[in-house]
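Chemist: Sharing a sequence plus its predicted fold:
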Amino acid sequence: MQRYDTKLEDGAFFVEWDEEWLEIGEMAALRDLFGGDTYEIEYDQTQSKAPWLENALEDQTLSFDVTETLVDMDFDAEFVADVAQEPIEETGPRGYPVRTEVFAEKMIEIWDAQGRQDDEV
């Protein structure tokens, strides 16, 4: 399955798409939409002991740097195609480009789903 890489250039975040770089938006805007430089996922008692978390979480939260995490990610075609169809020139309800806001909403949904029980999703 094809995966699409990311990059940060001159303060803007991009995802590879159709043999070029698709601008997602300014990293400062993304950090604001994510609530700051770090993002936290809350886990319940059982989930916090999952082997992939490296070690048990004391306060049942996992904090990570938004910029570092996004730059290290890659995305599948369906995700990028959904984001690519959104306009970068139009402003969304939160005052940022629609594409930037949609990307942030999708990532928040994905990240938050990691801490939910199956019956909460």
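Modeler: Perfect, thanks for sending it.
Chemist: Now the helix ranked longest in the chain: average pLDDT?
Modeler: The longest helix of the chain (DSSP state H) is helix 98-113. Across helix 98-113, the average pLDDT comes to 94.
Chemist: elements contacting that helix?
Modeler: Other elements packing on helix 98-113 under the criterion 3 or more Cβ pairs under 8 Å, 6 or more residues apart in numbering; DSSP states H and E are strand 20-26, helix 27-33, strand 38-42, helix 77-84. The C-beta positions use only the backbone N, C-alpha and C, and glycine is treated the same way.
Chemist: want to try CSV for these, with mean neighbour count, mean pLDDT and distance to residue 71 as columns?
Modeler: What follows is the helices and strands packed on helix 98-113, written out as CSV (neighbours: other Cβ atoms under 10 Å; pLDDT from 0 to 100; distance: least, Cβ to Cβ, whole Å):
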stretch, mean neighbour count, mean pLDDT, distance to residue 71
strand 20-26, 18, 97, 11
helix 27-33, 19, 98, 9
strand 38-42, 16, 85, 14
helix 77-84, 16, 97, 15
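Chemist: Out of these, which gets nearest to residue 111?
Modeler: strand 38-42 (5.7 Å; Cβ to Cβ).
Chemist: Using PDB, list the CA coordinates for that closest one.
Modeler: What follows is strand 38-42, C-alpha atoms only, in PDB (Å, rounded to 0.1, in the frame of the first residue of the first chain):
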ATOM      1  CA  THR A  38       1.900  18.800  22.900                       C
ATOM      2  CA  TYR A  39      -1.100  16.600  22.600                       C
ATOM      3  CA  GLU A  40      -2.300  14.100  25.300                       C
ATOM      4  CA  ILE A  41      -4.200  10.900  24.800                       C
ATOM      5  CA  GLU A  42      -6.000   9.500  27.900                       C
END
